[in-house]
Structures are given as C-alpha cells and as structure tokens.
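*Asks:* attaching a predicted model along with its sequence, questions to come.
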There are 2 protein chains.
Amino acid sequence: MGKKKISIAIPASVVSDTPHLREKTSKMGLIGRAAAIFKVNEIIIFPDDPGTSQTAETDLLATLLTYMETPQYLRKRLFKIESDLQYAGILPPLRTPHHPLNRRVKNLKIGEYREGATVSRTKEGTLIDIGVEQPAFLLNAKEPMNKRVTVKIAGIGKRIEVDLVDRDEVPEYWGYSVKIETHSFGKLLRDRSFDLTIATSKLGVPFSNVAEELAQKWERATNILIAFGAPSQGLYDVIKKEGLDLNRVADFVVNTFPVQGTETVRTEEALIASLAVLNTCLRR
Amino acid sequence: MGKKKISIAIPASVVSDTPHLREKTSKMGLIGRAAAIFKVNEIIIFPDDPGTSQTAETDLLATLLTYMETPQYLRKRLFKIESDLQYAGILPPLRTPHHPLNRRVKNLKIGEYREGATVSRTKEGTLIDIGVEQPAFLLNAKEPMNKRVTVKIAGIGKRIEVDLVDRDEVPEYWGYSVKIETHSFGKLLRDRSFDLTIATSKLGVPFSNVAEELAQKWERATNILIAFGAPSQGLYDVIKKEGLDLNRVADFVVNTFPVQGTETVRTEEALIASLAVLNTCLRR
C-alpha cells in the first residue's frame, strides 16, 4: 500500500436501530475490527439526520472506537469510567502491532515503536507510560499530562529513553484515528482533500463493472475515502437531503453485493464485505 | 449461480472463546446473516477437537442457526423454550424471501411459496400454518404434526389450498439447512459428494493468485464446500490431528486476507469477508 491513507466514513445513526447498549457495543467492536483488519487509517463519523441532534450517538461511537484502538495498558489512564463504556469489556482485542503483548523491559528492542501516555514531568523531561514495568524517559519534551503519544525506543539502560515520533512514520499498521465530521456528508466529500471517493450503495454500479477503472484510480490515489450508509437510509438518501446527487459528488458509487439473498445489508456487514473486496481486488 | 449448492463448514468451537451466551448469540447471528446474504444453502458444523465431547457447543450452534432461519411466525410452534435460546431476541432478522412480512390472506398470491408447519389433520387432509390469519389446507397429506414444510399456494377461496413442494424447487433463495457432521473434518471432505472444496486459511495461497483457476472450477461445480477454521486453531491444525495434509484433501486452500493489519481474524469476520470476495470475483 505504501503511504496511501485510507479513511472510512460511517453515519452517526449506524447503531441506532439496535436497542441495547450491549449490542451497540458488539457492533462497534466489529466495525473497529474491520477497520484494523483492512488497515484503515481514519474512521470519520458523519451526521446523517440533519433534523435532529446526533451528538449522543456520535459521542458513543467515537468513544467506543477510540477506546478499542487504545492499547489496553493505556486505557485506564486515558478513559474515565463512563456509561458509554459500560460494556467495553466485550469489545474484541484488535491484535494490531501497536497493541503489543510484551509488558517487560527486558523484551524491549532499540528502534521499536510503542504507544505511550505522558505521566509526569521532571526537570529534564517527561516520563511516559509505555506499558512496561517502568516509565520511559523523553528528553526535554513539554507535553501535557495524560496525552497519548507514539514513541521510538532510543536507548535501554538505567532508564529507557524514547524519542517522540509521528504516527505516520511507523512502517507497520499503527491503528486508526477517529474524527467527528460536524458538517454534512456532502461537505465532507467536497471540503476534505480526498483524491478518490468511493460511496457504497445497494443502488450503485456492481463492483465488477468498474473494478478495472477503480483499480487504476486506486493505484494513483494517496488519500482515499470509502463511505457507508445507515441501516435506515442509504447514502443516496442522506445526500439527497442536501439537494445533492451522490453520482456527482462521489467518484464511484459501487454495490459490493451484486447477488444478495437478503432484503438489506447492515452497515457493519457491508463494511467487512466491501473492505474485503477492495482489499483483494485492488491492492495486489 | 443457477442450481449450484453452496455449503459452508464451521468448527464446533467457533464461539468457544466468547465467554457469555449473549455474545455467542450475537456472533451466530452474524454467521447466519452472512450465510443468507451470500445465499448459502447449507451450514455444516464439524467437530474440531477430537479429544473432547463437543455436543453442547454443536447443539447450541445448530439451535441458534436453525431458529434464525425459521420464519418468525413459526418459531413458537417449532421451538420449545430452552436456555440456548435465552438471548435469541437479539438475533438479527434474516430478511430473506422465505421470511415474508405479509401476514394477511388477502395479500397472498396464487403460485407464491411459503414456509409452513403442520398443525392438525382432518379427514380430507392436513392444516398448515403459513403465517396468515387462517391455516392452509393440504389435500390428502399425512405429514406428522409440527413439521416444517414448504408449500405453494394453489388456490385461494373459502379455504387456502396449498401443494407440498421441495425446497430446491423454489426459484428464489430459500434459506439454509443446518447439518451436524458427527465424524471429522477430513471425513466430511472425503465422504460427501462435493465437486469443489475450498478451505480458508491464513497460511493458504493469496486469493488473487488462484482467482482465475478457481473461477473456472467454480463455474463447472454444482456442489461446493467452503470451510473455515476456529479462532484457536486453523484448518491446517484441525486436519493435522487426523494425520492429513490440508493441501491434499482440499482442492484449494486460500487466504482471502493478503494484507491483514491484525494478528488474527475471527471466524465470523473471515466468513463475511471470504464470501464477499468469492461472490464478487467468481459469480459474475
């Protein structure tokens, strides 16, 4: 993939047809897993019901997805106990490279990347919890406390020394970020600098009809958006409310379920299936 | 697809790493949905731990999948209240053609197919609950009571007359059957009359490497098996216990996740993703 950035967009109402928080949590677990399996870099949550406030839904989704993406050893430090996380215990582990199982200093390696959180400041620098027995030391940095950071192990001796790095610098898949789009889906498509936008819809063109053209565009693109509709309304409906036509605002509108046996496909199902198809057919 | 029969095989331990019945139920819901979305005709549950009895697991999976596949209007008649179904309320609806929303005689059409269950016998025949206000009448049949049957509406007048039909006769996708394989996975592959067997594995050949060859075989095949491993052990491990080599007993061993970002992929995730890839790439 090189340095392609893949974003997916999901509507705020994605789990609103699921009555219980426990099953909402399960579904978000599936969405987070799908994102990680297919190396998605960013999950964008967009409002899809302009008539009402969707802040509560949006916050719930963002909290669950962010919690899931945070290495287990940092969760207690970075999240307060809150009702949205009541069933967080059932979220499946991501098992990504940035959620290492190693918790021992002696197994750390120079050059290794780790996620950490700032815990305290000394005269010389900042101490960072990187999920081993003792905090690591970052020279001179003046980061705020309880901030999540990505570091690279620079030295292991009397103290563990680390350098601050940018997440994009890590060669392996390093999780996803979560963004809340406060404007509309239409604005998201137009304002952000995507060079390839793919909307998924039951009413779209069968994937295999555009596979070749899409593969060519995919190869050249560096900033790709793949958008999904809600169980109650597809992306054509969402964007129609803004007076826009999906075929004009998205580069491709594809149907990845040409022969489906069910009346509807849920967003979490569409997400895994569509990413699997794109992954297999485009990323060779 | 024409008259291809698609079977999928899942291991008995597929949800054994999930502690709570409620999440086991969620996962099975996803597996049932995936089967229906991709028009799977049969789900086979095979034992994958020869050392222990897996009857309880197998029964749970079979009960949940069968319950889900039964039209809602027949569930009370065909299932007793049992602990395995304690959380059946969270199972998502299949929304397949054989789960019609219509419950009114006046909306029935001659020639329409419906799932039904036998409810009583008269001198002339059998009464069948087909999910409308009054039972339908089947001339002369001597079916046992509370048996699920597929019928075709033959006449709508003073009484609704139906003919008994074979499920395979219905032109639309008509749900899946559930089979328990009591022998081993190796025996399943050898003894049943599949003319194409596809095993999925992280250690398999990347799908795109064999896509063309597989597409050719798929086109000619009428009885296809797609098999999935368990979260704790893949199909190579399962079959090794029988002293067999997966590459020899399956026609293809494919990896549908060539670039996965996570250490493992769960069976329910693999199921949706693999069926989506096969569906898009093979069934044109």
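*Replies:* Sure thing, it's come through.

*Asks:* quick one: buried residues of stretch A:180-192?
*Replies:* Of the residues in stretch A:180-192, those buried by neighbour count under the rule 16 or more other C-beta atoms under 10 Å in any protein chain shown are A:Ile180, A:Glu181, A:Ser184, A:Phe185, A:Gly186, A:Leu188, A:Leu189. Where C-beta positions appear, they are placed from N, C-alpha and C, glycine not excepted.

*Asks:* got the contact list for it?
*Replies:* Contacts with stretch A:180-192, where a contact means C-beta atoms under 8 Å, 6 or more residues apart in numbering or on different chains, come from A:9, A:11, A:44-48, A:50, A:58, A:62, A:197, A:225, A:227, A:235, A:238-239, A:242, A:244, A:249-250.

*Asks:* re the thing from before, nearest to A:Leu271 among the buried residues of stretch A:180-192?
*Replies:* The shortest gap between A:Leu271 and any of those belongs to A:Phe185, at 16.1 Å (C-beta to C-beta).

*Asks:* run through the helices of chain A in chain order.
*Replies:* A:21-37, A:55-69, A:72-78, A:185-191, A:207-220, A:235-240, A:246-249, A:267-282 (DSSP state H).

*Asks:* could you list every helix and strand in contact with the shortest one?
*Replies:* Using 3 or more C-beta pairs under 8 Å, 6 or more residues apart in numbering or on different chains; DSSP states H and E, the elements in contact with helix A:246-249 are helix A:185-191, strand A:196-206, helix A:235-240.

*Asks:* looking at those, which is nearest to B:Lys24?
*Replies:* It is, among those and with distance given as C-beta to C-beta, strand A:196-206, at 29.2 Å.

*Asks:* residues contacting the closest one, please?
*Replies:* Under the contact criterion C-beta under 8 Å, 6+ apart, strand A:196-206 has outside partners A:189, A:214, A:217-218, A:221, A:223-229, A:234-236, A:246, A:249-258, A:260, A:264-265, A:270, A:274, A:278.

*Asks:* now do stretch A:157-172
*Replies:* A:3, A:97-98, A:105, A:108, A:113-114, A:116, A:128, A:130, A:132, A:134-139, A:141, A:143, A:149-155, A:174-175, A:177.

*Asks:* strands - which of these land there?
*Replies:* A:113-114, A:116, A:128, A:136-139, A:149-155, A:177 (DSSP state E).

*Asks:* now list the buried members of those.
*Replies:* With neighbours counted by 16+ other C-beta under 10 Å, the ones in strands among the contacts of stretch A:157-172 contain buried members at A:Tyr113, A:Arg114, A:Gly116, A:Ile128, A:Ala136, A:Phe137, A:Leu138, A:Val149, A:Thr150, A:Val151, A:Lys152, A:Ile153.

*Asks:* let me know the closest of these to B:Ser208.
*Replies:* Proximity to B:Ser208 was ranked across those by C-beta to C-beta; first place goes to A:Tyr113, at 29.9 Å.

*Asks:* from A:His98, how far off is the closest one?
*Replies:* When C-beta to C-beta, to the nearest Å is applied, the distance between A:Tyr113 and A:His98 equals 7 Å.

*Asks:* likewise A:Trp218?
*Replies:* The span separating A:Trp218 from A:His98 equals 25 Å under the rule C-beta to C-beta.

*Asks:* contact partners for A:Leu214?
*Replies:* If you count contacts by C-beta under 8 Å, 6+ apart, A:Leu214 has them with A:Ile198, A:Phe207, A:Phe252, A:Val254, A:Leu282.

*Asks:* what are the bridge partners for the first one, then?
*Replies:* To tie it back to what came earlier, the one meant is A:Ile198. Per DSSP bridges, residues listed as beta-bridge partners of A:Ile198: A:Ile226, A:Phe252.

*Asks:* can you select the buried ones from the contacts of stretch A:180-192 in PyMOL?
*Replies:* For the buried members of the contacts of stretch A:180-192, the matching PyMOL selection, counting by 16+ other C-beta under 10 Å, is:
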select buried, chain A and resi 9+11+44+45+46+47+48+58+62+197+225+227+235+238+239+244+249+250
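
*Asks:* which one of the helices and strands packed on helix A:246-249 lies closest to B:Lys76?
*Replies:* It is, among the helices and strands packed on helix A:246-249 and with distance given as C-beta to C-beta, strand A:196-206, at 32.1 Å.

*Asks:* nice, that's everything, thank you.
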